[in-house]
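K.L.:
Below are the sequence and a predicted model; questions follow.
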Amino acid sequence: MIYEQPVVLRWGSPREFLKLFFLKTTDARVSEDWRVQKLKNLIDSDPARGLSCLDEACQALGLGISGRQARRLFKAYTGLGIKEYAKKSRLDAAAQQLRTTDAPVKAIAIDAGYRHVRNFTRCFLKHFHLSPINFRRIWQFKDVAA
């Protein structure tokens, strides 16, 4: 009879060993991802509208969570708060309009949900590092050069 030496696996700590057998946890974010997606779809469908009451929006969408929990969940998935995401969505829609239309900046600012052009310009400049007018000029120049 041939005797073989048993193989002993070393784990870094007892906690790691227990994770293999007993501490099997499921990632809660996987089962709740659809809630974040619904919130994103709501924001992206009309970026200028904004969310005045998140609790009501959660109830209307049938998410089954409070506004506070929706904020936490949204930030965990996207890395952005809901207001930040909505602002980014509004500015992206405005940038698309600046690229594709010749509408005045004031009209685009109002379409994006801004009451004052200076606020729109400040936010646009902070997000894109260009003023809306310079952004449009660069894109028009790219279209002419192409």
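P.N.:
Yep, that arrived.
K.L.:
pull the helix or strand with minimum mean pLDDT from this structure.
P.N.:
helix 14-21 (a mean of 56; mean pLDDT, DSSP states H and E).
K.L.:
Which SSE is immediately downstream of that helix?
P.N.:
helix 28-45 (DSSP states H and E).
K.L.:
Please spell out which residues along whatever helix or strand comes next after that next one are buried.
P.N.:
Using DSSP H and E, the helix or strand that follows helix 28-45 in sequence is helix 54-61. Buried residues in helix 54-61, defined by neighbour count with 16 or more other CB atoms under 10 Å: 54, 57, 58. For glycine as for every other residue, the C-beta is placed from the backbone atoms N, C-alpha and C.
K.L.:
Could I get those residues in TSV, plus columns for distance to residue 34?
P.N.:
Converted to TSV, the buried residues of helix 54-61 look like this (distance: CB to CB, whole Å):
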residue	distance to residue 34
54	17
57	15
58	13
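K.L.:
out of those residues, which one sits closest to residue 103?
P.N.:
residue 57 (29.1 Å; CB to CB).
K.L.:
just to revisit the earlier point, any idea which of the buried residues of helix 54-61 is closest to residue 81?
P.N.:
Relative to residue 81, the closest of the buried residues of helix 54-61 is residue 54; by CB to CB it sits at 10.9 Å.
K.L.:
which residues touch that closest one?
P.N.:
For residue 54, the contact set (CB atoms under 8 Å, 6 or more residues apart in numbering) comprises 67, 70, 71, 82.
K.L.:
And it, how far from residue 94?
P.N.:
Per CB to CB, to the nearest Å, residue 54 is found 23 Å from residue 94.
K.L.:
try residue 71
P.N.:
Taking CB to CB, one finds residue 71 at 24 Å from residue 94.
K.L.:
So which of these two has more stuff around it?
P.N.:
residue 94 (26 against 17; other CB atoms under 10 Å).
K.L.:
how much space between residue 83 and residue 74?
P.N.:
Per CB to CB, residue 83 is found 10 Å from residue 74.
K.L.:
of the two, who's got more company?
P.N.:
residue 74 (21 against 13).
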